[in-house]
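K.L.:
Sequence isn't available, so here's the structure alone:
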C-alpha cells in the first residue's frame, strides 16, 4: 500500500529531524533563534500527530508495541477483534437493509433491460460459436435424435389429411392450371409436345397407317355396286390416288402443327383458350367440383403417407442434427457427407437454407418486437423479484456466515485490503495537520506572550 510506505517513511524522517533540531537547539542554548524554535515546534507537533494516528490505526487491528503492559490503554486496542460480533452484525444489517435493500435491488433491476442484454449475449455467443452455443446445439441435436419419427409421421399424416378434408381444392387446382398455362414452362412443354407429334406423323409407319385408313374409308363408302364401279373407274384413270391423299393429309398436318408453334397463331390461341374454358368448369360446374371432392376423399382414404413422411422426417433430422450445420461458417459444404433415403443434395441445401433463413427471420422478428420484448423483460424481472422476496432474508445470514468463517487475522487482512490505503492516508494527514497546528500554536503563543500581555499588563517574559 503506497500510503503506508509514505507514512512509515514520514515518521522516520520526523524522528530524525527532531534529533537534529534538538542538537541545533543545544548548540544555540544561550542565543535561541526564533526560526529554530518555530521549526522545532512544527516538527515535534507533526511527529506527535503522526504517532498518535499510527497508534489509532494500529489499535483498530491489534495491540501496539508495549501497550499490553498498560491495562487502561490496552483495553481500548484490537478494536475489531474484540468487537467482532457487533461489527459483523452491523455490516450484515447495513448490507441487508441499506446497501442491498429490497427497494434498492428492485430499483436497480428496473433500470436494466434484461432482454436487450440477453439478446446481445446470444448474438455474441452465436457469432463467436462460444461454448454455450455449442452446448445448446448439442442439447437440440440430442432431443431431435430421441424423436420417434414414425409416431411423428403418423401424427403429421392425420393432421394433414384432416386439414385437407376441410379445404375446397377446386380453386387451387384452377389457379394452379391457370398459372401454369401462362408460364414459360407451359409454352416450352406445348412446343415440345408439338415437336413430338410432328416427328410421329412424319414417320414412314405413320404414313402406312394413314394410307390404310384412307383405303378403309373408300371401301366403306363403296357400299353399293354403282359406287364401287365409279370409284374403280376413278382409280383406273388415276383420279383417286390414296397415296397422294395420304401425303396431302400429312402435309397439311405438318403445316398446321408448325403454325401452332407460333405464339400468335389464331388456332394456337383458340386451343389454349379452350383449355382454359375446360378447366373453368373446375370452379363453375358443381358436378365437376363434386367429382373432384369425391376423388380427393377417396385419395385421402386410400393413400398412406406415413412411411413416406417417416423417411422424409428421418432425412430432415439427419440433416439438421449435423454439428457442422450450426458451427461451420459454410454449412452447405457439409451436405456432401450426408447420406439420405429420399432427399437429394439440392433438397438438403434447400432445407439448410430454409432453416437458416427462418431462424434469422424469427430471431430478427423477436428482437424487433417491442411488445414481446417488454413482456419477456417483465417476466424475467418478476421471476427475479420473486426470488429476491423468497431469499432476501438470507442476505444478512450469508454476510454473517462469510465474515464469521474468517479468523481475526483474516478479517483484519480483509479490511486492510479494502480500506488500508485510506487508513494510512489518515497517518499522513496527522503529520500535516500536526505540523500546521504546531505552527499556529507557536504563532499564537508568541503573539500572546510577546505582544498582547506586555502591552496590557506591562509584563515582560
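P.N.:
Thanks, I have the structure now. Owing to the predicted nature of the structure, the values given are computational and were not obtained by experimental measurement.
K.L.:
where does this protein have low pLDDT?
P.N.:
Scanning the chain for pLDDT under 70 picks out 1, 29-32, 65-75, 217-242, 323-341, 345, 453-461.
K.L.:
now the lengthiest helix in it: how far from the chain's centre is it?
P.N.:
Taking DSSP state H as the criterion, the chain has its longest helix at helix 408-447. Centroid separation between helix 408-447 and its chain, computed with Cα atoms, centre = their mean, to the nearest Å, is 54 Å.
K.L.:
List the buried residues for it?
P.N.:
Within helix 408-447, the residues that qualify as buried are 411-412, 416, 420, 423-425, 427-428, 430-431, 433-435, 437-439, 442, counting by 16 or more other Cβ atoms under 10 Å. (C-beta placed from N, C-alpha, C; glycine too.)
K.L.:
Could I get the full set of helices for the stretch 201-350 of the chain?
P.N.:
204-221, 225-236, 242-260, 266-284, 286-302, 306-320, 323-327, 345-368 (DSSP state H, counting those that start in this stretch).
K.L.:
Including mean neighbour count, could these go into TSV?
P.N.:
Below are the helices of the stretch 201-350 of the chain laid out as TSV (neighbours: other Cβ atoms under 10 Å):
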stretch	mean neighbour count
helix 204-221	13
helix 225-236	12
helix 242-260	14
helix 266-284	13
helix 286-302	12
helix 306-320	17
helix 323-327	17
helix 345-368	13
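K.L.:
between the ones you listed, which gets nearest to residue 405?
P.N.:
For the helices of the stretch 201-350 of the chain, distance to residue 405 was read as Cβ to Cβ. The smallest value, 43.4 Å, belongs to helix 323-327.
K.L.:
Would you mind getting the angle between the host helix or strand of residue 20 and helix 408-447?
P.N.:
According to DSSP states H and E, residue 20 maps onto helix 2-27. Using axes from the mean of the first three to the mean of the last three Cα atoms, to 10 degrees, one finds that helix 2-27 and helix 408-447 are set 40 degrees apart in direction.
K.L.:
which of the residues in helix 2-27 are buried?
P.N.:
3, 4, 7, 10, 11, 14, 17, 21.
K.L.:
what does stretch 120-128 give?
P.N.:
By 16+ other Cβ under 10 Å, the buried positions in stretch 120-128 come out as 122, 125, 126.
K.L.:
With secondary structure and distance to residue 47 added, can I get those residues in JSON lines?
P.N.:
Below are these laid out as JSON lines (DSSP: H, G, I helix; E, B strand; the rest coil; distance: Cβ to Cβ, whole Å):
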{"residue": "122", "secondary structure": "helix", "distance to residue 47": "63"}
{"residue": "125", "secondary structure": "helix", "distance to residue 47": "61"}
{"residue": "126", "secondary structure": "helix", "distance to residue 47": "66"}
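K.L.:
closest to residue 404 among the residues you listed?
P.N.:
Distances from residue 404 to the buried residues of stretch 120-128, taken by Cβ to Cβ, are shortest for residue 125, at 38.9 Å.
K.L.:
Tell me the spacing between the closest one and residue 322.
P.N.:
Using Cβ to Cβ, to the nearest Å, residue 125 is found at 20 Å from residue 322.
K.L.:
Equivalent analysis for residue 158, please.
P.N.:
Using Cβ to Cβ, we find residue 158 at a distance of 29 Å from residue 322.
K.L.:
The two - which one has more neighbours?
P.N.:
Taking other Cβ atoms under 10 Å, residue 158 and residue 322 do not tie; residue 322 has more neighbours (18 against 12).
K.L.:
And that one, how far from residue 144?
P.N.:
11 Å.
K.L.:
Repeat that for residue 112.
P.N.:
Distance from residue 112 to residue 144, by Cβ to Cβ: 35 Å.
K.L.:
again with residue 127
P.N.:
23 Å.
K.L.:
and what of residue 412?
P.N.:
Note on residue 412: its distance to residue 144, by Cβ to Cβ, is 57 Å.
K.L.:
what do you get for residue 157?
P.N.:
For residue 157, the distance to residue 144 - Cβ to Cβ - is 20 Å.
K.L.:
quick one, which of the two is more surrounded?
P.N.:
Set side by side, residue 157 and residue 144 show more neighbours around residue 157, with 19 against 14, by other Cβ under 10 Å.
K.L.:
That one: which element?
P.N.:
helix 149-165.
K.L.:
Next: residue 389.
P.N.:
Using DSSP H and E, residue 389 sits in helix 370-391.
K.L.:
Name the residues of the next helix or strand after that helix that are buried.
P.N.:
Downstream of helix 370-391, the next assigned helix or strand under DSSP H and E is helix 394-404. Neighbour-count burial for helix 394-404 flags 395, 396, 399, 400, 403 (criterion: 16+ other Cβ under 10 Å).
K.L.:
looking at it, the last one is touching residue 415, isn't it?
P.N.:
No. With contact defined as Cβ atoms under 8 Å, residue 403 does not count as touching residue 415 (10.3 Å).
K.L.:
In space, not sequence, find me the middle residue of the chain.
P.N.:
Nearest to the geometric centre of the chain sits residue 122, at 3.0 Å (Cα atoms, centre = their mean).
K.L.:
for that residue, what are its contacts?
P.N.:
Under the criterion of Cβ atoms under 8 Å, 6 or more residues apart in numbering, residue 122 has no neighbours.
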